[in-house]
Each structure stands twice: as C-alpha cells, then as structure tokens.
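>>> Return atomic coordinates for the entry below.
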Amino acid sequence: TDNGKVYAYGANNQGQCGLPSEYAKSLSKVPLSSPVVSIHCGNYHSMCIDEDGQLWAFGSNHYGQLGLGSNEDSVHIPSRVRGILKVSSITNGPKHCFVTDSNDTIFVFGANEYGQLGIKKKTNKLAPVMLVERYS
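Modelled structure (predicted):
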C-alpha cells in the first residue's frame with residue numbers, strides 16, 4: 001500500500017504469502033514490523049525491503065533462497081536476512097536471489113546447481129555471499 005503495509009491472500013503452502021495459515025481466503029495483513037518500500041517474488045518465495053533498507057524473506061527455502069543461513073523447508077512468517085546492510089535492490093530467480101546494498105555491493109544466495117549465482121563452486125548458498133564489491 002502507499003503507507004508500506006503488505007497484504008496477501010491465496011495459497012500459502014510454502015509460506016510465500018508470509019502468513020501463518022496454509023491458505024488465506026481473504027486479504028490478510030502480512031506481519032512486518034516496518035513499512036515496506038518494495039516486494040520481489042521467486043518461485044514460492046517472497047522478499048521485502050523495508051524503509052530502513054532491511055531485507056525480509058518468507059516462503060520456500062529448500063535451496064537456501066531466503067538467505068537465512070539454513071535450508072529449512074519453508075518459512076511462513078517474514079524473517080530478517082542478516083549480513084547485508086541497507087539493501088537497495090533485489091533480483092529474484094526461481095530459487096535464488098541477487099541483492100545490492102547501498103554501497104553497490106552485490107550479494108547472492110540460494111540454488112547454484114548450474115552456476116547461476118556467478119560463483120565457481122556449484123553448491124547452494126544458504127546465506128548471503130559477496131559476489132562483487134562496489135560494481136559500476
């Protein structure tokens with residue numbers, strides 16, 4: 001909304017709506033502590049940037065695509081992604097994520113079986129890994 005509140009409804013079997021129930025039959029407020037300035041979605045996962053530049057993630061996490069440091073199958077309530085200060089942009093893939101911070105540093109996490117994170121070792125990254133520092 002214009003005031004930074006986030007609402008969702010529908011199937012939430014992986015937590016992709018950020019709600020505690022498996023299915024939201026009506027528009028429900030997503031429990032976030034700060035107003036949100038942008039939302040980004042992948043396959044069954046969602047990411048939000050709040051007004052302070054903090055990154056919040058929820059939904060499917062089988063490949064570590066939430067960047068929370070684990071591959072817990074799904075997260076139904078928004079959780080803060082640690083290790084990145086002042087997020088400025090996000091690009092979500094189906095099962096991975098690229099994040100840029102206010103210093104133009106790029107971080108990656110999630111599925112990497114095809115090298116889609118841009119790092120040599122083709123293993124999933126469960127927490128943010130710095131890819132490029134101060135790109136331009």
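>>> Would you indicate which residues of the helix or strand bottoming out on mean pLDDT in the chain are buried?
Of all helical and strand segments in the chain, the minimum by mean pLDDT, DSSP states H and E falls on strand 23-29, at a mean of 91. Buried residues in strand 23-29, counted by 16 or more other Cβ atoms under 10 Å: 24, 28. Placement of C-beta: from N, CA and C, glycine included.
>>> Paired strands for that strand, with orientation please.
Sheet pairing of strand 23-29 (DSSP bridges) gives strand 7-11 (antiparallel).
>>> now the partner strand, how far from the chain's geometric center?
Put simply, strand 7-11 sits 17 Å off its chain's centre (Cα atoms, centre = their mean, to the nearest Å).
>>> residues making contact with it?
Among residues not part of strand 7-11, those counted as contacts by Cβ atoms under 8 Å, 6 or more residues apart in numbering are 1, 17-19, 22-30.
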